[in-house]
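Participant: one predicted model, sequence on top.
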Amino acid sequence: MATKIGISAPATGEQPVTLSNEEVLRYSRHLIMPEVGMDGQLKLKRAKILCVGTGGLGAPLGLYLAAAGVGRIGIVDFDVVDRTNLQRQILFSSGDVGRPKIEAAAQRLRGLNPDIQIDTFKTKLTSDNALDIFRDYDIIVDGTDNFPTRYLVNDASVLLKKPNVYGSIFRFEGQITVFGYPDGPCYRCLYPEPPPPGLVPSCAEGGVLGVLPGIVGAIQAAEALKLIIGKGEPLVGRLLLFDALGMRFRELKLRKNPDCPACGTHATITKLIDYAEFCGIRGEEAPMPQNNVPEITPRELKSRLDRGDDLFILDVREPHEYQICNLGGYLIPLGELSRRVNELDSSREVIAHCRSGKRSTEATVFLRNAGFRKVLNLKGGILAWSDEVDPSVPKY
Ligand SMILES: [Zn+2]
């Protein structure tokens, strides 16, 4: 049995927290720094942090918070490990593909540090469960990737008066700040209204450099650790912008909005709302409404091509996507379609396609409005073609 050393000043009614000799050894590089020391390490051990999401940001967050000795870490996720996650979500290994993220993450974190408690919430965070899940924790760390959940995390943190360490990533750029700190701004002070649905692409649509969430998530972890030990200058009222291509950090001043509906003087948000409705979407993965856009299924297209029908295949993806895989179609990226429409013959039957069918739906609507009567959208795009017709076409 290890000897207990170091008695912290416990809050009234709490058990005194101590470190075992093994823990002293494990955290020795913290303990020898006066800014952390035994006092700071015991604060870490008593701390309770909730990580919302175990994806790209949640991976470095979970790993560094567990390694640093945060005594209780909650993780919330309902997703399953996908092969496309492995490019950046370093909590997972190839053998985890198909496994619930929460299980793979908990196993990895417990393996890293068996002295801490990992709470798992295998659920989608909703307005019904957020306050109950958040209530037990000191700090919330937002590792989500969609607007409804971001507003939900913000409002729940503000209602419960808990700091919300925020991070977001897209392609080569990241943003980090601390919301919900006493006298500091919240997410709604910065973005009172969500962007129109579909305007801001997700990482699944726009891509993300694999290391970017590592950098941003590690900064979030640093902020969370600083808040616990109470040292340094937290990222409150400052939005840190990171550009990996230029390898530059910039900082924007953020002010608390006295009229903010969540944290202002006369806040109107007194309970959680329907965030999907607020953001005008039915969730991140919800398909675009098809609005009666005429479609053709991959199987129908295959049989018509085999029959020798005269079909013009229009690919509205980007040239770098064409290089990954293609159906031999004529390439006009969606963004160039309006000025290159004269390259198309309106008397021929056009089959528009993209990766998933979303951009080509827009292209089909545009062409129909431009007078092309014989345009069909390839339902499910090249992904569905790979699933239903030709598995040798790679999915991305
Ligand atoms: Zn606010």
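Facilitator: Done, it's in. Residues are numbered from 1 along each chain as shown.
Participant: so which bits of the stretch 51-200 of the chain are right by the ion?
Facilitator: Within the stretch 51-200 of the chain, the positions near the ion by C-beta under 5 Å from the ion are Cys186, Arg188, Cys189. Every C-beta, even on glycine, is put in place using the N, C-alpha and C of the backbone.
Participant: tell me where the stretch 151-300 of the chain has helices.
Facilitator: 187-190, 203-206, 212-229, 275-278, 298-307 (DSSP state H, counting those that start in this stretch).
Participant: can you tell me which of those helices the model trusts least?
Facilitator: When the helices of the stretch 151-300 of the chain are compared by mean pLDDT, helix 203-206 comes last with a mean of 79.
Participant: quick one: residues contacting the most centrally placed residue in the chain.
Facilitator: For the chain, the residue nearest the mean C-alpha position is Asp145 (2.4 Å; C-alpha atoms, centre = their mean). Contacts for Asp145 were tallied using C-beta atoms under 8 Å, 6 or more residues apart in numbering; they are Gly53, Gly55, Gly56, Ser168, Ile169, Ser202, Cys203, Glu284.
Participant: I figured the fifth one hits Val208, correct?
Facilitator: Think Ile169. Yes. Between Ile169 and Val208 there is a contact under C-beta atoms under 8 Å: 5.6 Å.
Participant: and for those two, which residues touch both?
Facilitator: When contacts are counted by C-beta under 8 Å, 6+ apart, Ile169 and Val208 are jointly contacted by Gly56.
Participant: of those two, give the one with the bigger neighbour count.
Facilitator: Ile169 (26 against 21; other C-beta atoms under 10 Å).
Participant: which residues touch the more buried one?
Facilitator: Ile169 neighbours (C-beta under 8 Å, 6+ apart): Gly56, Leu57, Asp145, Gln175, Cys203, Val208, Leu212, Pro213, Val216.
Participant: any idea what it is bridged to?
Facilitator: Gly174 (DSSP bridges).
Participant: pLDDT score for it?
Facilitator: pLDDT, Ile169: 95.
Participant: also the one 4 residues further on?
Facilitator: Each residue has a pLDDT score; the one for Glu173 is 96.
Participant: report how many residues lie close to it.
Facilitator: By the measure other C-beta under 10 Å, the count of residues near Glu173 is 17.
Participant: list the contacts for it?
Facilitator: Neighbouring residues of Glu173 by C-beta under 8 Å, 6+ apart: Leu212, Leu241, Phe242, Asp243, Ala244.
Participant: tell me the spacing between the fourth one and Pro213.
Facilitator: Okay, so that is Asp243. As judged by C-beta to C-beta, to the nearest Å, Asp243 and Pro213 stand 15 Å apart.
Participant: out of the two, which sits in the busier spot?
Facilitator: Pro213 (28 against 12).
Participant: so Gly217 versus Phe92, what's the distance?
Facilitator: Per C-beta to C-beta, Gly217 is found 14 Å from Phe92.
Participant: same question, Gln117
Facilitator: Noted for Gln117: a distance of 21 Å to Phe92, by C-beta to C-beta.
Participant: those two: which is more packed in?
Facilitator: Using other C-beta under 10 Å, the more surrounded residue of Gln117 and Phe92 is Phe92, with 21 against 12.
Participant: what about the residue lying closest to the more buried one once chain neighbours are set aside, how many neighbours?
Facilitator: Once flanking residues are discounted, Phe92 sits nearest to Val81: 4.9 Å by C-beta to C-beta, 6 or more residues apart in numbering. When counting by other C-beta under 10 Å, one arrives at 24 neighbours for Val81.
Participant: surely Val81 and Gly95 touch.
Facilitator: No. Here Val81 does not reach Gly95: they are 9.4 Å apart, not a contact under C-beta under 8 Å.
Participant: coming back round to it: which among the contacts of Glu173 end up buried?
Facilitator: The neighbour count (16 or more other C-beta atoms under 10 Å) marks Leu212, Phe242, Ala244 as buried among the contacts of Glu173.
Participant: for stretch 235-248, the distance to its chain's centre please.
Facilitator: Mean-position distance between stretch 235-248 and its chain equals 17 Å (C-alpha atoms, centre = their mean, to the nearest Å).
Participant: buried ones in that stretch?
Facilitator: Buried residues in stretch 235-248, counted by 16+ other C-beta under 10 Å: Leu235, Val236, Gly237, Arg238, Leu239, Leu240, Phe242, Ala244.
Participant: report the contact partners of the residue nearest to Gly357 when sequence neighbours are not counted.
Facilitator: Spatial nearest neighbour of Gly357, excluding adjacent residues (C-beta to C-beta, 6+ apart): Gly381 at 4.2 Å. Shown in contact with Gly381 (C-beta under 8 Å, 6+ apart): His353, Cys354, Arg355, Ser356, Gly357, Lys358, Ser360.
Participant: just to revisit the earlier point, okay if I get the helices of the stretch 151-300 of the chain as a markdown table plus distance to Asn85?
Facilitator: What follows is the helices of the stretch 151-300 of the chain, written out as a markdown table (distance: least, C-beta to C-beta, whole Å):
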| stretch | distance to Asn85 |
| --- | --- |
| helix 187-190 | 25 |
| helix 203-206 | 11 |
| helix 212-229 | 11 |
| helix 275-278 | 23 |
| helix 298-307 | 26 |
